[in-house]
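> pasting the structure only:
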């Protein structure tokens, strides 16, 4: 496996938009827990060019592509100097807001490589923690994070359209 990870440039907005929507739909669209109407409301808002551009232009947001043989096969979104809204002691942190790998590339350790990249980026920003939220009804994702040293520390609500869904908050303390 050889991945190249690089920051997404605003000129790559459409590539990011297409990959983000494709991987999100592959992961969650056929899930019996998600109402199709709420799912489409979320996708229209989250993956619109305008919405994604606004996210990319936020000064504390960073998007990265992971390439295999020059083809983007995964992406992630990091939020620098961002802490959860509750249950936090004020320690500096980096939020891993999104991490998605193309379905045909899953099981090849790309996610673990992206987590290592995230943790290194967090160290560069002097963060003591990496934190994220993960849907409580996604045991595979929860297990992935636990295997990589993340532990649960709280709950937050993720809005899929008009549907409030419970997410676990998970974190990992970074060693210097």
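Great, that's in hand. Just so you know, these numbers come straight off a predicted model, no measurement behind them.
> now residue 63, nearest residue through space, not along the chain?
Closest residue in space to residue 63, ignoring its immediate chain neighbours: residue 8 at 4.0 Å, by CB to CB, 6 or more residues apart in numbering. All C-beta atoms are positioned from the backbone trio N, CA, C, and that covers glycine.
> pull the contacting residues for the one you found.
If a contact means CB atoms under 8 Å, 6 or more residues apart in numbering, then residue 8 has 15-16, 56, 63-65, 75 as its contacts.
> and the residues you listed as TSV, adding distance to residue 88?
As requested, those are arranged in TSV below (distance: CB to CB, whole Å):
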residue	distance to residue 88
15	34
16	29
56	26
63	24
64	24
65	30
75	26
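> same list, these, but as a markdown table with distance to residue 172, pLDDT and neighbour count please.
Below are the contacts of residue 8 laid out as a markdown table (distance: CB to CB, whole Å; pLDDT from 0 to 100; neighbours: other CB atoms under 10 Å):
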| residue | distance to residue 172 | pLDDT | neighbour count |
| --- | --- | --- | --- |
| 15 | 29 | 98 | 14 |
| 16 | 26 | 98 | 24 |
| 56 | 26 | 97 | 18 |
| 63 | 21 | 98 | 21 |
| 64 | 18 | 98 | 20 |
| 65 | 23 | 98 | 21 |
| 75 | 20 | 98 | 22 |
